[in-house]
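Asks: Need coordinates for the below:
(one chain, ligands or ions: 1)
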Amino acid sequence: MTQAASGEMTGPGEPLWPGHQTVNPMSDRRFMSIPPGAIVPGSLPRFRIYVLLPRGQYVLWAKEGNSVSPDQLARLSDGGLKEVFIDLDEAFKYEEYLESHLGHILEHQGPSDEQKAEIFSKVSTNVVKGAFETSLGLGRMGPDVVQRTQAMIEKALIFIAESKSLQALTKMIGHDYKTYEHATKVLWFTMAFLRDHQEVLERIQPDYPTFDESQRTETLRQCGVAALLHDIGKAFISPEILNKNGPLDQVEWEIVKRHPLNSLAMLVDTDVPPFVKMAVLHHHEDFGGGGYPMSLEGMNITTLARVLRIIDVFDAMTSRRPYKEPVPALKAVQIMVGTPKEKNNEGLSGQDDRDQGMRRCFDEELLRKFIVFLGNMKLND
Ligand SMILES: [Fe+2]
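Replies: Numbering: from 1, shown residues only. Sure thing, here's the model as predicted:
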């Protein structure tokens, strides 16, 4: 939320605190609301923080580079303040701050679960955006991009894999399809699903025969990297093709079909494990054959790729696209399990043909598990 500085002049009343500074109400500066819980006690934000008085006047509450003490934060919460503000021009500093303090913010009591979910989505989306932009510039994935991705997932691991975060995820179903947000949702679904399915996780990483807790966590983290970066090869596809409002022609379709290979090419020199690289390469292969880029079949497609195939399609179908309305979650599941179009009494108006006849695309056992998992999320349709 943003708003322009406005309101009346401060009267001659009591100072809020010694030396407090107000913003000139004639200024055209714009402010962005942030939850006080996002401010970590003892940290040194590089941005200024303001409070908004009932009279609509912004007052500087913390200078940039100053440590925010637990007492200061306690006074805010004692005062019942639900939001503080930053200068919109400093939003990028706030985003950097969120990324570097993500673990603390997500694991502590300050923000509500909804605010945590919003903060996680913002950071994750920025990380993917950064990965796309850097990769496009370099033509490959720099090691720092992989490290940044891994670090972000590490910090968010507990939160995104825990059940209370799922409610926030359900609220994102039906939003517009945007490549970076899609990647965040695929990450979130993948981590939450695999957290509940250790037997699948073990098949994903067969190199760990004992599969102790640290290996489990490491595998989950690497699955997150695959989920977040599976479409990184789309960085080379023009937005006109990616966002085309209508069917793709043959040349455009051939360009789109190259993106798993491009994703692999960008990851090939990095230290992500082979199962991540293979998942990225295979995430459009169909269990029944005929997918791309290699038209593999069945168990020749790696386990993580089969998981991503399901989650990728589910999120794409339930998101609004330039050429179609979002499909409700339960209807998406019907289509994925292969409910014939003519037997669907409610019809599928606005449904794109690209979503039809999907049963053969998926590993049936994994799809069944995913549907049970969705059922436990108590999706609202
Ligand atoms: Fe893809």
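
Asks: contacting residues for the residue nearest the centre of the chain?
Replies: Computing the C-alpha centroid of the chain and ranking residues by CA atoms, centre = their mean puts T184 first, at 2.0 Å. Each residue near T184 by CB atoms under 8 Å, 6 or more residues apart in numbering is listed here: S121, S124, T125, V128, L228. No exception for glycine: its C-beta is placed from N, CA and C like everyone else's.

Asks: who does the lengthiest helix in the chain touch, helix- and strand-wise?
Replies: Ranked by residue count, the top helix of the chain under DSSP state H comes out as helix 113-138. Counting by 3 or more CB pairs under 8 Å, 6 or more residues apart in numbering; DSSP states H and E, the packing neighbours recorded for helix 113-138 are helix 91-100, helix 102-107, helix 143-160, helix 163-172, helix 179-195, helix 213-229.

Asks: For A235, find the nearest of these.
Replies: With CB to CB as the measure, helix 179-195 is the member of those nearest A235 (9.0 Å).

Asks: tell me the angle that closest one makes with helix 163-172.
Replies: On the basis of axes from the mean of the first three to the mean of the last three CA atoms, to 10 degrees, helix 179-195 is oriented at 140 degrees to helix 163-172.

Asks: pLDDT below threshold where in the chain?
Replies: Applying pLDDT under 70 to the chain flags residues 1-27, 163-164, 174, 176, 339-357, 378-381.

Asks: where exactly do the helices run in the stretch 251-381 of the chain?
Replies: All helices of the stretch 251-381 of the chain, identified by DSSP state H, counting those that start in this stretch, fall at 259-267, 274-282, 303-317, 329-337, 364-376.

Asks: Adding distance to P293, write the ones you listed out as JSON lines.
Replies: Below are the helices of the stretch 251-381 of the chain laid out as JSON lines (distance: least, CB to CB, whole Å):
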{"stretch": "helix 259-267", "distance to P293": "5"}
{"stretch": "helix 274-282", "distance to P293": "7"}
{"stretch": "helix 303-317", "distance to P293": "12"}
{"stretch": "helix 329-337", "distance to P293": "22"}
{"stretch": "helix 364-376", "distance to P293": "21"}
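
Asks: Which stretch among these approaches F132 most closely?
Replies: Each of these has some distance to F132 by CB to CB; the shortest is helix 259-267, at 10.1 Å.

Asks: Take the helices of the stretch 251-381 of the chain and write them to JSON lines, including distance to I86 and mean neighbour count.
Replies: Shown next, in JSON lines, are the helices of the stretch 251-381 of the chain (distance: least, CB to CB, whole Å; neighbours: other CB atoms under 10 Å):
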{"stretch": "helix 259-267", "distance to I86": "34", "mean neighbour count": "22"}
{"stretch": "helix 274-282", "distance to I86": "36", "mean neighbour count": "23"}
{"stretch": "helix 303-317", "distance to I86": "31", "mean neighbour count": "24"}
{"stretch": "helix 329-337", "distance to I86": "35", "mean neighbour count": "19"}
{"stretch": "helix 364-376", "distance to I86": "37", "mean neighbour count": "16"}
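
Asks: Nearest to G224, out of those helices?
Replies: helix 274-282 (9.5 Å).

Asks: distance between that closest one and the chain's centre?
Replies: The chain centroid and the centroid of helix 274-282 are separated by 20 Å, computed with CA atoms, centre = their mean, to the nearest Å.

Asks: Quick check: which helices or strands does that helix pack against?
Replies: Checking 3+ CB pairs under 8 Å, 6+ apart, helix 274-282 ends up next to helix 213-229, helix 259-267, helix 303-317.

Asks: possible to save those as JSON lines with distance to T149?
Replies: Putting the helices and strands packed on helix 274-282 into JSON lines (distance: least, CB to CB, whole Å) gives the following:
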{"stretch": "helix 213-229", "distance to T149": "6"}
{"stretch": "helix 259-267", "distance to T149": "11"}
{"stretch": "helix 303-317", "distance to T149": "16"}
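
Asks: among those helices, which is nearest S43?
Replies: Taking CB to CB, helix 213-229 is the member of those nearest to S43, at 24.6 Å.

Asks: counting contacts, what elements does the helix or strand following the closest one pack onto?
Replies: Scanning forward in sequence from helix 213-229 by DSSP states H and E, the next helix or strand is helix 239-242. Judged by 3+ CB pairs under 8 Å, 6+ apart, the packing partners of helix 239-242 are helix 250-257.
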